[in-house]
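# Fold the following and give me the result.
(one chain, ligands or ions: 2)
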Amino acid sequence: MSASTLRIALVGNPNCGKTALFNQLTGGRQKVANYAGVTVERKEGRFTAPSGRVLHLLDLPGTYSFDATSPDEQITRDVLEGKYPGEAVPDLVVCVADATNLRLHLRFVLEVKRLGLPVVLALNMMDAARRRGIAIDVAELSRRLGVPVVETVAVKRDGVKALIARVDGAIPEAPPAQPDDAASRADLHAQVRELMAATVTMPRATAKIDDALDHWALHPVFGLAILTVVMFLVFQAVYAAGKPMSDLIGDGFGWLGAHATAWMPAGPLQSLVVDGVFGGLGTVVGFLPVILVLFFFILVLEESGYLPRAAFLLDRLMVSVGLTGRSFIPLLSSFACAIPGIMGTRSITDPRDRLSTILVAPLMTCSARLPVYALLIGAFIPTRRVLGIFNMQGLVLFALYAIGILGAMLVGWVMKKLRRDRSEHALLMELPSYRLPNVRDVAIGLWERGMIFMKRLTGVILGLTILMWFLSTFPSAPAGATGPAIDYSFAGYIGRGLQVIFAPLGFNWQMSVSLIPAFAARETAVAALATVYAVGGEGADGAGLAQALAANFSLASALSLMVWFAFAPQCMSTLAVIRRETNSWRNVGISFGYMFAVAYVASFLTYQIASWLT
Ligand SMILES: Nc1nc2c(ncn2[C@@H]2O[C@H](COP(=O)(O)OP(=O)(O)OP(=O)(O)O)[C@@H](O)[C@H]2O)c(=O)[nH]1
Ligand SMILES: [Mg+2]
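Numbering: from 1, shown residues only. Ligands and ions are numbered 1, 2, ... in the order given. Got it, this is the predicted structure:
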């Protein structure tokens with residue numbers, strides 16, 4: 001390694017702010033959240049220090065100890081021991097510790113020191129430590145540990161100055177490597193106690209507010225009531241705040257489409273722009289605000305430290321259905337997308353629990369399904385108020401999310417019954433401190449979500465929409481045809497072919513054909529329906545599509561389609577990730593097979609019951 005590029009690895013216990021430091025130093029946008037196990041992979045970045053030297057920074061998954069057992073902890077260990085394929089041992093280890101929780105974090109610092117690599121200790125969250133009246137004698141701590149110690153506040157721009165200055169200077173001498181055996185391990189506890197006594201003064205009650213809040217938030221009855229109310233309000237807010245913005249965007253695209261019709265000569269190009277791009281894609285863009293409002297709430301809840309409390313509350317329930325409290329965070333990530341959710345299961349130690357979580361993660365409603373739900377709800381569910389205060393559309397959306405969760409619990413329970421080993425694991429998890437959400441982190445999170453959506457839109461969704469337009473436009477109707485031209489198109493043929501399978505669920509051919517592109521990206525179902533109906537001469541913009549749907553589907557069919565999207569095998573990328581994470585095609589088969597069966601039966605029942613009732 002040349003002297004001008006220094007390779008630095010960030011290590012530490014989970015949730016101490018490694019990724020926040022990484023982002024602050026490199027200008028990166030890796031995910032930061034107030035709970036353990038957010039980072040599950042190594043992430044690389046670089047920055048130029050004031051001296052002009054380029055520093056390579058490696059963000060690593062949090063680790064409680066080197067007796068690593070979960071797949072994500074293993075990565076950190078391999079990197080530090082030089083066993084990670086294609087990765088040299090870092091030149092410098094920046095060990096990050098949460099200054100408000102040194103009793104826990106110092107133990108790992110001592111473990112890192114034994115590796116015999118140059119170490120700098122970053123005491124992070126110094127802002128929070130000061131607020132709580134925790135005083136740390138940094139000079140003494142550094143002298144006793146024999147490693148340089150700097151204070152940092154990873155969430156403030158100038159909070160990392162001291163760290164930059166330190167890593168830009170000479171590399172500190174490496175402490176001697178020490179063997180890692182049971183006797184020396186037992187010794188760590190005594191050493192931590194000694195260090196704490198000599199260097200840290202803590203006010204007697206450090207976390208009075210946390211305790212008071214937890215008294216209510218973790219209460220077996222009130223806690224669950226609070227959780228229910230919080231989730232419920234979030235969905236109401238998604239409708240109250242997101243829907244009007246979505247409508248505005250839909251109207252905007254409708255207007256653009258109308259102008260394009262007026263300006264462009266009639267013909268296939270006009271049809272592509274108006275029906276394909278403005279009609280299909282425009283309809284999907286309209287749902288961006290709904291997604292952003294939902295994620296605003298999820299991010300705020302994440303940052304506040306409330307979510308792991310929810311995991312704690314639900315642990316007993318999760319264990320009884322064969323999952324664990326540890327499944328909570330990966331399942332929660334799956335509301336964004338099943339892919340990070342499935343990758344997040346790397347923090348689950350027990351392979352059996354991990355597999356159950358991977359198999360049910362796709363049942364959580366990912367954000368790609370939100371446009372489909374929002375479109376169908378907008379077209380079929382009246383905007384009535386329920387009990388004077390609740391918005392009916394918000395209630396239906398809540399119910400759709402709820403059936404995904406209930407479905408996951410049921411599947412988990414069945415898997416539990418099917419396996420021989422019924423042992424249960426106690427949940428040991430650290431509850432992070434409550435924290436006021438950092439505006440920058442929430443903003444970054446929303447920006448990231450928005451960009452993911454826009455990238456899908458201008459990539460895979462655009463491509464599929466154009467393909468859908470092509471399939472529904474060609475071949476054109478033969479001379480003397482009597483039915484609508486679209487009936488003679490490829491889409492018409494494929495749709496009618498598929499309808500043989502889907503007719504018992506109440507899907508017409510347009511719905512059936514829209515399921516194909518949805519398998520690549522769920523949102524495309526909306527674009528595909530918009531395009532098929534627009535080419536067929538009905539409704540080009542968002543509102544028009546809702547009308548076209550209302551005119552062509554029955555309520556029972558619409559409900560059946562929503563239920564289908566709640567359970568159906570998720571997109572190809574999810575199946576690919578299941579294959580990668582479990583290294584088994586069998587699991588891909590199980591996942592696809594059971595979801596298809598559940599979706600088919602559930603939609604069939606929904607359609608039959610709803611038709612009978614209406
Ligand atoms: N007040 C304050 N909050 C911080 C500071 N550093 C990080 N945080 C917050 O601490 C939480 C955890 O930060 P992350 O960067 O995700 O922690 P991590 O160490 O990468 O966690 P894992 O990836 O799970 O190991 C987030 O809510 C951050 O906003 C700090 O110096 N002060
Ligand atoms: Mg992290």
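# Which helix or strand contains Arg56?
No Arg there; residue 56 is His. strand 54-59 (DSSP states H and E).
# I should have written Gly495 there, sorry.
Judged by DSSP H and E, Gly495 forms part of helix 490-502.
# can you check Thr383 too?
Under the assignment given by DSSP H and E, Thr383 is not contained in any helix or strand.
# can you pull the contacts of it?
391-393 (CB atoms under 8 Å, 6 or more residues apart in numbering). Just so you know, the C-beta spots here come from the backbone N, C-alpha and C atoms, and that holds for glycine as well.
# Which strands and helices lie in contact with the helix holding Gly495?
For helix 490-502, the contact count by 3 or more CB pairs under 8 Å, 6 or more residues apart in numbering; DSSP states H and E identifies helix 462-473, helix 509-518 as packing neighbours.
# give me that answer again for 10 Å
In this structure, helix 490-502 makes packing contacts with helix 462-473, helix 509-518, helix 524-535, helix 555-567, helix 585-613, judged by 3 or more CB pairs under 10 Å, 6 or more residues apart in numbering; DSSP states H and E.
# quick one: average pLDDT of the shortest one?
Per-residue pLDDT over helix 509-518 has a mean of 87.
# Quick one: list the elements packing against it.
Helix 509-518 is packed against helix 462-473, helix 490-502, helix 524-535, helix 542-552, helix 555-567, with contacts defined by 3+ CB pairs under 10 Å, 6+ apart.
# helix/strand/coil for the residue of the stretch 501-614 of the chain found nearest ligand 2?
Taking CB to the ion as the measure, the stretch 501-614 of the chain has Glu581 as its residue closest to ligand 2, at 18.8 Å. With DSSP: H, G, I helix; E, B strand; the rest coil as the basis, Glu581 sits in helix.
# okay but it is in contact with Pro351, surely?
No. The pair Glu581 / Pro351 is not scored as a contact, 11.2 Å apart, by CB atoms under 10 Å.
# Give the intersection of the neighbour lists for the two.
Common neighbours of Glu581 and Pro351 (criterion: CB atoms under 10 Å, 6 or more residues apart in numbering): 71, 345.
# re earlier: would the strand holding His56 count as contacting ligand 1?
No. Strand 54-59 lies out of reach of ligand 1 by CB under 6 Å from any ligand atom, never closer than 6.9 Å.
# so where does Leu142 fall, helix or strand?
If you look again at residue 142, you'll see it is Ser, not Leu. Here Ser142, judged by DSSP H and E, is contained in helix 138-145.
# Over to Pro50?
Using DSSP H and E, Pro50 sits in no helix or strand.
# got a list of what the residue nearest to it when sequence neighbours are not counted touches?
Distances taken as CB to CB, 6 or more residues apart in numbering put Asp168 closest to Pro50, at 6.1 Å, once the chain neighbours are dropped. Taking CB under 10 Å, 6+ apart, we find Asp168 in contact with 6, 48-53, 55.
# out of those residues, who's nearest Asp180?
Nearest to Asp180 among these is Leu6, at 26.0 Å by CB to CB.
# between the helix or strand where that closest one lies and strand 54-59, what angle do the directions make?
If you go by DSSP H and E, Leu6 is part of strand 5-12. Using axes from the mean of the first three to the mean of the last three CA atoms, to 10 degrees, the direction of strand 5-12 lies 20 degrees away from that of strand 54-59.
# what packs against strand 5-12?
Counting contacts by 3+ CB pairs under 10 Å, 6+ apart, strand 5-12 packs against helix 18-26, strand 43-48, strand 54-59, helix 71-80, strand 92-98, helix 102-113, strand 119-124, helix 161-168.
# Tell me the buried residues in it?
When burial is assessed from 16 or more other CB atoms under 10 Å, strand 5-12 yields the following buried residues: 6-12.
# same thing with stretch 214-232?
By neighbour count, with 16+ other CB under 10 Å as the criterion, the buried positions of stretch 214-232 are 214, 217, 223, 226-227, 231.
# hmm, who's touching that stretch?
In this structure, residues lying in contact with stretch 214-232 by CB under 10 Å, 6+ apart are 207, 210, 297, 301, 305-307, 309-310, 312-314, 316-317, 390, 394-395, 398, 401-402, 405, 431, 434.
# Kindly export it (C-alpha atoms) in CSV.
The C-alpha trace of stretch 214-232 is given here as CSV (Å, rounded to 0.1, in the frame of the first residue of the first chain):
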residue,chain,number,x,y,z
ASP,A,214,-40.1,3.4,28.5
HIS,A,215,-42.4,2.9,31.5
TRP,A,216,-45.2,3.7,29.1
ALA,A,217,-43.8,2.6,25.7
LEU,A,218,-42.8,-0.9,27.0
HIS,A,219,-45.9,-1.4,29.1
PRO,A,220,-47.5,-4.7,28.0
VAL,A,221,-50.9,-3.1,27.5
PHE,A,222,-50.4,0.7,27.0
GLY,A,223,-47.3,0.0,25.0
LEU,A,224,-49.3,-2.1,22.4
ALA,A,225,-52.0,0.5,22.4
ILE,A,226,-49.5,3.3,21.7
LEU,A,227,-47.9,1.2,18.9
THR,A,228,-51.3,0.6,17.3
VAL,A,229,-52.3,4.2,17.5
VAL,A,230,-48.9,5.3,16.1
MET,A,231,-49.1,3.0,13.1
PHE,A,232,-52.7,3.8,12.5
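# what is the rounded mean pLDDT of it?
The pLDDT scores in stretch 214-232 average 87.
# Test my guess that Leu331 contacts Cys366.
No. Using CB under 10 Å, Leu331 is not in contact with Cys366, being 11.4 Å away.
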